[in-house]
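Participant: Predicted model, plus sequence, below.
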Amino acid sequence: MTRFDIDWPYMRTALIVLAVALLLSTGPLIASFLYATNAEREYAAETINRNTLRSKLRTIQNDRILIDRYLEPYLQLEQSGMVGDEQRINWIDTLQAAAKRMKLPSMRYRIAAQEQFVATYTENASGLVVNASRMELNLGLLHEGDLPHLLSELSQNVPDTFHVKRCNIQRARGQFKYTPKQANLNANCQLLWFTIQPPTEVVEMVEDPI
């Protein structure tokens, strides 16, 4: 068997050169791997950030569409008095002015305390509270056309804020005569005056009376 003697000093130099060569060759590979890993993380973060910005942009665009679609109707409701606090003084002033123009013999009213209005079509009101105030209205009429005329006056001056639940008309006297300030018919009506506002307090719940 042939025996080989290793020249360790000579090999040591070669091994050192090999180690340095390996280090020099693997160093860029390691650096490239770390750079690629960091780049992937940054790309993932940027992708998440981009998707978040896109989602916010879509939300803003959707909000803008809703604003363009519903702002004008909302402002009209707000101007009519349906949005916000109830407008009892405005309702009464409108009634009295209409009765005066029509020269009705008499008009009496009574408004109950405001209550929350509950119906199936108000369940998805997006946090808004629909309130209703009941009004008992007693009128002395000269003829049967006075009642629809009065309700038409209300619709023109306070639109979309009230609902006529019921009306009853009875004769005030046996024979119709046109006598100023003396009624030929008596009408009793129940009206619901509506207002819409964000919820601020818990109020008594009533079922849909319509």
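Facilitator: That came through fine.
Participant: Looking at the record's assignment, how would you partition this structure?
Facilitator: Under automatic domain parsing, the residue ranges defining each domain of the chain are 7-80, 88-206.
Participant: Can you add mean neighbour count and mean pLDDT and give those domains back as CSV?
Facilitator: Every residue, glycine included, has its C-beta placed from N, CA and C. Listed next are the domains of the chain as CSV, based on neighbours: other Cβ atoms under 10 Å; pLDDT from 0 to 100:
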stretch, mean neighbour count, mean pLDDT
domain 7-80, 10, 74
domain 88-206, 14, 83
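Participant: so where do the helices sit in the protein?
Facilitator: If DSSP state H is used as the criterion, the helices of the chain fall at 8-80, 88-102, 146-157.
Participant: Distance from the chain centre to the shortest one, please.
Facilitator: Right, helix 146-157. Helix 146-157 has its C-alpha centroid displaced from the chain centroid by 30 Å (Cα atoms, centre = their mean, to the nearest Å).
Participant: Can you name every helix or strand that that helix contacts?
Facilitator: On a contact count with 3 or more Cβ pairs under 8 Å, 6 or more residues apart in numbering; DSSP states H and E, helix 146-157 meets helix 88-102, strand 129-141, strand 162-171, strand 185-197.
Participant: and the shortest one with strand 129-141, angle?
Facilitator: This points to strand 162-171. With axes from the mean of the first three to the mean of the last three Cα atoms, to 10 degrees defining the directions, strand 162-171 sits at 20 degrees from strand 129-141.
Participant: Hey, what's the angle from strand 162-171 to helix 88-102? Just curious.
Facilitator: In terms of direction (the same axes, to 10 degrees), strand 162-171 departs from helix 88-102 by 40 degrees.
Participant: ok, now the last one?
Facilitator: When the same axes, to 10 degrees is applied, the directions of strand 185-197 and helix 88-102 differ by 150 degrees.
Participant: So that it lines up with my notes, have the first residue be 47 from now on.
Facilitator: From this message on, residue numbering opens at 47, which makes the last subject strand 231-243.
Participant: before we move on, the earlier item: so can I have JSON lines of the helices of the chain showing distance to Gln160?
Facilitator: Compiled in JSON lines, those are given as follows (distance: least, Cβ to Cβ, whole Å):
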{"stretch": "helix 54-126", "distance to Gln160": "17"}
{"stretch": "helix 134-148", "distance to Gln160": "9"}
{"stretch": "helix 192-203", "distance to Gln160": "18"}
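Participant: Those: which one's closest to Lys227?
Facilitator: helix 134-148 (11.9 Å; Cβ to Cβ).
Participant: other SSEs contacting that closest one?
Facilitator: Counting by 3+ Cβ pairs under 8 Å, 6+ apart, the packing neighbours recorded for helix 134-148 are strand 152-157, strand 175-187, helix 192-203.
Participant: Compare those and give me the one nearest Lys211.
Facilitator: Taking Cβ to Cβ as the criterion, Lys211 comes closest to strand 175-187 out of the helices and strands packed on helix 134-148, the separation being 8.1 Å.
Participant: Can you give the strand pairings for that closest one, parallel or anti for each?
Facilitator: For strand 175-187, the paired strands and their directions (DSSP bridges) read strand 152-157 (antiparallel), strand 161-163 (antiparallel), strand 231-243 (antiparallel).
Participant: who touches the first one?
Facilitator: Right, the one you point to is strand 152-157. 134, 137-138, 141-142, 145, 179-186, 229, 239 (Cβ atoms under 8 Å, 6 or more residues apart in numbering).
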